[in-house]
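S.K.: Quick one, fold the following:
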Amino acid sequence: MWKLKIGEGAGNPLLRSPNGFLGRETWEFDPDAGTPEERAEVERLRRDFTRNRFTRRECDSSEITEEVLLTALKRVLDQHSSLQAHDGHWPGGFSGVLFILPLMIFALHVTHSLNDVLSSEHIREICRYIYNIQASHNFLIFNEDGGWSTLTLGPSTMFGSCVNYATLRLLGEELDGDDKALSKGRAWILTHGTATAAPQWAKIFLSVYMIGLGTIQSFLNYGCFLIFYPFIQFVGPITPTILAMRDELYNVPYSKINWNNARSSCCKATSSKDSRFLMASRRWNEVKENPNSYAFRQHLPRIHDFLWLAEDGMKSKVYGGCQCWETALIVQAYCSSGLTKEFAATLRKAHDFIKNSQVTKNCPSYSSFYRERSKGSWTLTNGENGWPIADTTAECLKAILLLSKIPSNQVGDSIKEERLFDAVDCLLSFVNKDGTLSSAESKRTTPWVEFINPSESFRNIIVDYPYVECTSSLIQALILFNGIYPSYRHEEIEKIIKSGALFIEKQQRKDGSWYGSWAICFTYATFFAIKGLVAAGRTYQNSSSIRKACNFLLSKQLTTGGWGENYICCQVEKYVDSGRPHAVNTAWAMLGLIYAGHVEIDPIPLHRAAMELINMQLDTGEFPQQEIVGSFNSSLFFNYPNYRNLFPIWALGEFRHRLLAKKG
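M.R.: Residues are numbered from 1 along each chain as shown. Okay, here's the model as predicted:
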């Protein structure tokens, strides 16, 4: 059986950590673990995965009272607290992008490291996952054509089909398998233009094995650099499987393919834009690492940090995790419940995790390498990561400040003032000239450079733009900090709060909504926008933006009382109703209305929404895992594992708090 290991790695000489591997998550297979009954139960859960995924109870018409809310909250808080790791964070599968696992396998295979890093059990679970997300098997996909999507939401694409097909072949799977799954995948590729019609990223991946051809231009921002850097040097070994794939992925002999024409060919099912633009390439032969070197081997144990096991198999996270981000939000959700004393032990561990995950040093000569300041920041994952994320820093700062208002005998000692000031200094260093906040670096250039976006599959990946959600987090954190330390950089903070609020108001759409860049989609951004504006002093009474936002949210409420958005919203940039309620969308909409003061204006829509959430609650107390709601660059969608619980907790907690205040 598989076991989840938290914070381990100290005994491995190839691993280093600045904070004792805090927040590290790895899965380990133990062939002797578990009884026959327990193993049988695991297999049953796997078989039942698809059949019971979206089971939910029908709506109840009973009245929402403070007692009903309290019961629902205690049930979910009890269960969610039991899922907390001993180091204080909540583990989970931060996954959903289906080309990252193939890229990992390609890298291990080309460096002859596959069998050193992955056991036969790992490979078996990885193959099971790739088959499970194939369009001919997966209930989430909208067709049965045999291809693979780039995302767990969406139809088959040439990108997803080529790289997942190649991955299965590299892992030893054969075309004539039991259910002909690979044959179906190959048929989709051939009938949609062959691998010559793959987008640029897929061509680059395949070119590592001389199965395709890709060119790379010079990178501009950190995201492009991180993604394309591994492909600037050499190709893998030519094996019988590679030679076979040259025949399998094309409908003409490999030696006769016109690669000049294939450079700009891209299947319509994959491309998000016209790719006929300047493609500059560069030789980087001098930038390489020997696969047998100590420096390279230090990376190999970290592969396990990115793997996550679930009912559908073993997948790759889209990043090292979202430990700091989600823990900060969970703390705020717990604080909203009014039950901090009852769950003080949980909050104490979360408090320790956040304090111990703060980055305490800058990278040496960081400005010389066009890096941002990192001292005082928090990363998306944990302190080991070291890459500062602006809105994570804001949300962790908020969580730390909220916990400082609770007696230390319950949640532990507050963080040192010096480190609070470091956090504020770091946060302010990220602020753009207009008082807005981007995600991982301040805005450095203009949108025209998207013209040389190399991906052909994704939009808005060259520039780190200012975002409504990030700017809202900035405003909230600075106002909370300013209330406790009013003399620290006061004038600068006041100016940023004013300009940030004006930015949020200017970004509002005519229908009263805001477009969400980091989740699906309008309910998310509208919640953040309202919360930021309210923190800056806007109210339903004095702000037309708040009133328009409430009208927008109410106009999208379903007859059941909930809200549900389709991921297509992010691509078409218009609200698209999913037709069924989603617990997280419902919670976001509720929170937006609650913070806007709608409990005092008209509580009936919120009563209906609260009942919808409570009726979604499972027997365990948790909320169901529905369609994933994370988003990035308008085109990547992934799962934040704890959103399904933390935002319903937050919404029900705030609603209970407002009902009690109104009653009082």
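S.K.: going forward, measure contacts between C-alpha atoms and count neighbours the same way
M.R.: OK.
S.K.: now the strands for the stretch 251-400 of the chain?
M.R.: Listed from the start of the chain, the stretch 251-400 of the chain has strands (DSSP state E, counting those that start in this stretch) covering 307-310, 313-316.
S.K.: Okay, now the sheet partners of the last one, with direction.
M.R.: Here strand 313-316 is paired, per DSSP bridges, with strand 307-310 (antiparallel).
S.K.: okay, now residue 261: neighbour count?
M.R.: 9 (other C-alpha atoms under 10 Å).
S.K.: Which of the three states applies to residue 169?
M.R.: helix (DSSP: H, G, I helix; E, B strand; the rest coil).
S.K.: need the next SSE after the least confident helix or strand in the chain by mean pLDDT, C-terminal direction.
M.R.: Between all helices and strands in the chain, the lowest mean by mean pLDDT, DSSP states H and E belongs to helix 222-228, at a mean of 50. Downstream of helix 222-228, the next assigned helix or strand under DSSP states H and E is helix 240-248.
S.K.: Which elements pack onto that following helix?
M.R.: helix 158-170 (3 or more C-alpha pairs under 8 Å, 6 or more residues apart in numbering; DSSP states H and E).
S.K.: distance between the helix it packs on and the chain's centre?
M.R.: 23 Å (C-alpha atoms, centre = their mean, to the nearest Å).
S.K.: tell me the angle that helix makes with helix 240-248.
M.R.: Here helix 158-170 runs at an angle of 140 degrees relative to helix 240-248 (axes from the mean of the first three to the mean of the last three C-alpha atoms, to 10 degrees).
S.K.: quick one: buried residues of helix 158-170?
M.R.: For helix 158-170, burial by neighbour count (16 or more other C-alpha atoms under 10 Å) applies to 158-170.
S.K.: give me phi/psi at residue 147?
M.R.: The phi and psi values for residue 147, taken as degrees, to the nearest 10, are phi -90, psi -170.
S.K.: right, and it touches residue 157 too?
M.R.: Yes. Contact criterion C-alpha atoms under 8 Å: residue 147 and residue 157 qualify, at 7.1 Å.
S.K.: These two: who's more crowded?
M.R.: A count of neighbours by other C-alpha under 10 Å puts residue 147 above the other of residue 147 and residue 157, at 30 against 24.
S.K.: any idea how far the more buried one is from residue 519?
M.R.: 26 Å (C-alpha to C-alpha, to the nearest Å).
S.K.: Need the nearest residue in space to residue 188, chain neighbours excluded.
M.R.: residue 147 (5.6 Å; C-alpha to C-alpha, 6 or more residues apart in numbering).
S.K.: about what we covered before: so which of the strands of the stretch 251-400 of the chain is the most packed in?
M.R.: Among these, strand 313-316 has the highest mean neighbour count (mean count of other C-alpha atoms under 10 Å), at a mean of 24.
S.K.: Go ahead and produce CSV holding the CA coordinates of that strand.
M.R.: Taking C-alpha atoms only, strand 313-316 is exported to CSV below (Å, rounded to 0.1, in the frame of the first residue of the first chain):
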residue,chain,number,x,y,z
GLY,A,313,-3.7,6.9,-10.2
MET,A,314,-0.5,8.8,-9.7
LYS,A,315,-0.3,12.3,-11.3
SER,A,316,1.9,15.3,-11.2
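S.K.: neighbouring contacts of it?
M.R.: With contacts defined as C-alpha atoms under 8 Å, 6 or more residues apart in numbering, strand 313-316 is touched by 95, 100-101, 122, 125-129, 132, 306-309.
S.K.: ok, 7 Å please
M.R.: Contacting residues not belonging to strand 313-316 are listed as 95, 100-101, 125-126, 128-129, 306-309 [C-alpha atoms under 7 Å, 6 or more residues apart in numbering].
S.K.: now do stretch 644-653
M.R.: 69, 73, 330, 333-334, 336-337, 583-584, 587, 590-591, 610, 622-625.
S.K.: and if you look at stretch 372-380?
M.R.: Residues outside stretch 372-380 that contact it (C-alpha under 7 Å, 6+ apart): 322-325, 357-362, 366, 385-389, 392-393, 419, 422-423, 426, 441.
S.K.: Among the residues you listed, the buried ones, what's the ChimeraX command?
M.R.: Burial among the contacts of stretch 372-380 is assessed by 16+ other C-alpha under 10 Å; the matching ChimeraX selection reads:
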select :322,323,324,325,357,358,359,360,362,385,386,387,388,389,392,393,419,422,423,426,441
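S.K.: Among the contacts of stretch 372-380, which ones are in helices?
M.R.: Those of the contacts of stretch 372-380 mapping onto helices are 323-325, 357, 392-393, 419, 422-423, 426, per DSSP state H.
S.K.: Determine which two of those residues are furthest apart.
M.R.: 323 and 422 (20.7 Å; C-alpha to C-alpha).
S.K.: Am I right that residue 631 falls within a strand?
M.R.: Yes. Applying three-state DSSP, one finds residue 631 inside a strand.
S.K.: In contact with the nearest residue to residue 398 once chain neighbours are set aside, which residues?
M.R.: Of all residues not flanking residue 398 in the chain, residue 477 sits nearest, at 5.2 Å (C-alpha to C-alpha, 6+ apart). Residues counted as contacts of residue 477 (C-alpha under 7 Å, 6+ apart) are 394-395, 397-398.
S.K.: can you count the residues close to residue 377?
M.R.: By other C-alpha under 10 Å, the residues close to residue 377 number 33.
S.K.: Could you report the pLDDT at it?
M.R.: On pLDDT, residue 377 comes in at 96.
S.K.: Then residue 150?
M.R.: 86.
S.K.: before we move on, what about residue 267?
M.R.: As predicted, residue 267 sits at a pLDDT of 57.
S.K.: quick one on the thing from earlier: which of the contacts of strand 313-316 lies closest to residue 556?
M.R.: Distances from residue 556 to these, taken by C-alpha to C-alpha, are shortest for residue 95, at 28.3 Å.
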